[in-house]
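> Using only what follows, build the 3D model:
(4 chains)
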There are 2 protein chains.
Amino acid sequence: MEKCTNPQHHCSPVNQLCHEHAMAKIEKISYQRNIRLTSQRRSVIQLMLKAERAMSAYDLLDQLREIEPQAKPPTIYRALDFLMEQGFIHKVESMNSYIICPHFDDPSHISILLICNRCQQIIEEHCSSIENELQILAKENTFKVQHSVLEIRGVCQKCQCI
Amino acid sequence: MEKCTNPQHHCSPVNQLCHEHAMAKIEKISYQRNIRLTSQRRSVIQLMLKAERAMSAYDLLDQLREIEPQAKPPTIYRALDFLMEQGFIHKVESMNSYIICPHFDDPSHISILLICNRCQQIIEEHCSSIENELQILAKENTFKVQHSVLEIRGVCQKCQCI
DNA sequence: AGCATAATGATAAGTTATATGATATACTTA
DNA sequence: TAAGTATATCATATAACTTATCATTATGCT
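Numbering: from 1, shown residues only, chains lettered A, B, ... in the order given. Predicted structure coming up:
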């Protein structure tokens, strides 16, 4: 998503996402796809935008319960499944948690997550040459790619200084 | 590991690993590293070699219990942690399960797993150009890499025909 | 033998995820 | 607009995965 210039808006220092613009875009995409962005699903997205870090399903459930006290584990997992199918969020497999995809409006890329083992912050990157190489590798194995999990664990710039 | 030519040996059609040679190599490496390959740890390796598929911790626990009835969850997780530290096995993050690393004797590579969503079989690949690209990406972000999780989910050759 | 370290045993609890059946809501089309 | 279909939600229960803690035993070293 393009950078936000409205000083009134809440823009994340972490993933550069402007919450207002992101939410509006998700609304728009949902309308275009003719899918149902229910208030429950909307709430989960809002929570994830606010969090600015990877959230476990139960982190999200605890917060969702403040709005919808009846929420139970299946509630949150259903919402997460839906949002993943639509490409609005990613599961971080090596953390059992979930993040907003900063590029949900452009699904033509594979995300590479750089995950800091100290502060848990995640940088999402893309790299077309790696994508190409992976395609070649898959082709060599006659393997039909459906989904890629690329997670690099290590220490981020900030945490290296500490 | 090099290919086994002894017809008496049990050699996996899946990952090409000869169990006898693999076990001998693990013994040797353990001796060289002066680490303790206890019978419990040995048992877990044997079970994983025999399985020829990714095994969850509880899959392994159930089988280990036939040999060591007192085994409990921490028993298996301790063994798995040890074997991962030593690079003998990998955790498959997107499956919550564990596999023998077919190249434990050469730790100088990053493994790329091609995981079939139909039959669950896993092909382990390596690719130095992807490794290089990842290094560059990390460098650009001043990110210190400690561990890479590269898992490609899709459909394997066999399952495409079915 | 005595000490330090590493490994195992045992209990308990924490965390993550799914199966299932019932109910409600929204779209579709006759 | 009423009936039918598909989708979403609610509620209960349980399955699956993982770790913390403390006690005990085995091993390696001086």
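> how about the residues of chain A that lie near DNA strand D?
A:35-36, A:38-41, A:68, A:70-75, A:78-79, A:82 (CB under 7 Å from any atom of the strand). From N, CA and C alone the C-beta is placed, and that goes for glycine too.
> Which members of those residues occur in helices, if any?
Those of the residues of chain A next to DNA strand D mapping onto helices are A:39-41, A:73-75, A:78-79, A:82, per DSSP state H.
> Buried among those? Make that a PyMOL selection.
To isolate the buried ones among those in PyMOL, judged by 16 or more other CB atoms under 10 Å in any protein chain shown, type:
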select buried, chain A and resi 40+41+75+79+82
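> So residue A:104 lies in a strand, does it not?
No: assignment of residue A:104 by DSSP: H, G, I helix; E, B strand; the rest coil gives coil, placing it outside any strand.
> could you pull out the strands for chain A?
For chain A, the strands defined by DSSP state E occupy A:89-92, A:97-100, A:112-116, A:122-125, A:144-155.
> Let's have the ones you listed in TSV, adding mean neighbour count, distance to DNA strand C and mean pLDDT.
Formatted as TSV, those follow (neighbours: other CB atoms under 10 Å in any protein chain shown; distance: least, CB to the nearest atom of the strand, whole Å; pLDDT from 0 to 100):
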stretch	mean neighbour count	distance to DNA strand C	mean pLDDT
strand A:89-92	21	7	98
strand A:97-100	23	6	98
strand A:112-116	23	14	98
strand A:122-125	19	15	96
strand A:144-155	19	13	98
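> Quick one: closest of the ones you listed to chain B.
Proximity to chain B (CB to the nearest CB) singles out strand A:144-155 among these, at 4.1 Å.
> which secondary structure elements does that closest one contact?
strand A:112-116, helix A:128-140, helix B:128-140, strand B:144-155 (3 or more CB pairs under 8 Å, 6 or more residues apart in numbering or on different chains; DSSP states H and E).
> and if we set it to 6 Å?
When contacts are defined as 3 or more CB pairs under 6 Å, 6 or more residues apart in numbering or on different chains; DSSP states H and E, strand A:144-155 sits against strand A:112-116, strand B:144-155.
> and of these, who's closest to residue B:2?
strand B:144-155 (24.4 Å; CB to CB).
> what's the angle between that closest one and helix B:128-140?
Interaxial angle of strand B:144-155 relative to helix B:128-140 (axes from the mean of the first three to the mean of the last three CA atoms, to 10 degrees): 130 degrees.
> what's next to strand B:144-155, contact-wise?
The contact list for strand B:144-155 (CB atoms under 6 Å, 6 or more residues apart in numbering or on different chains) reads A:94, A:143-155, A:160, B:93-94, B:110, B:112-118, B:138.
> Quick check: residues of chain A near DNA strand C?
Checking chain A against DNA strand C by CB under 7 Å from any atom of the strand, the hits are A:36, A:56-59, A:72-74, A:77, A:91, A:96-97.
> And those residues, which two are furthest apart?
It's A:36 and A:96 that sit farthest apart of the residues of chain A next to DNA strand C, by CB to CB, at 26.9 Å.
> More neighbours: these two, which one.
residue A:96 (13 against 8; other CB atoms under 10 Å in any protein chain shown).
> Please list all residues in contact with the more buried one.
If you count contacts by CB under 6 Å, 6+ apart, residue A:96 has none.
> now residue A:92
Residues in contact with residue A:92 (CB under 6 Å, 6+ apart) are residue A:54.
> try it again with 7 Å
Taking CB atoms under 7 Å, 6 or more residues apart in numbering or on different chains, we find residue A:92 in contact with A:54, A:98-99, A:113, A:115, A:122, A:151.
> Need those in a markdown table (columns: distance to residue B:29).
A markdown table is the format used below for the contacts of residue A:92 (distance: CB to CB, whole Å):
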| residue | distance to residue B:29 |
| --- | --- |
| A:54 | 35 |
| A:98 | 38 |
| A:99 | 38 |
| A:113 | 31 |
| A:115 | 29 |
| A:122 | 34 |
| A:151 | 27 |
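> between the residues you listed, which is closest to residue B:17?
Closest approach to residue B:17 among those (CB to CB): residue A:151, at 25.7 Å.
> which residue packs closest to the closest one, ignoring adjacent ones?
Nearest residue to residue A:151 in three dimensions, chain neighbours excluded: residue B:149, at 4.1 Å (CB to CB, 6 or more residues apart in numbering or on different chains).
> again, but for residue A:107
residue A:87 (5.0 Å).
> swap in residue A:160?
Nearest residue to residue A:160, sequence neighbours excluded (CB to CB, 6+ apart): residue B:144, at 5.9 Å.
> now swap in residue A:46 and tell me
Spatial nearest neighbour of residue A:46, chain neighbours left out: residue A:23 (7.0 Å); criterion: CB to CB, 6+ apart.
> State the distance from the residue lying farthest from the centre of chain A to DNA strand C.
Going by CA atoms, centre = their mean, the residue of chain A most distant from its centre is residue A:140, 30.3 Å out. The gap separating residue A:140 from DNA strand C is 30 Å, by CB to the nearest atom of the strand, to the nearest Å.
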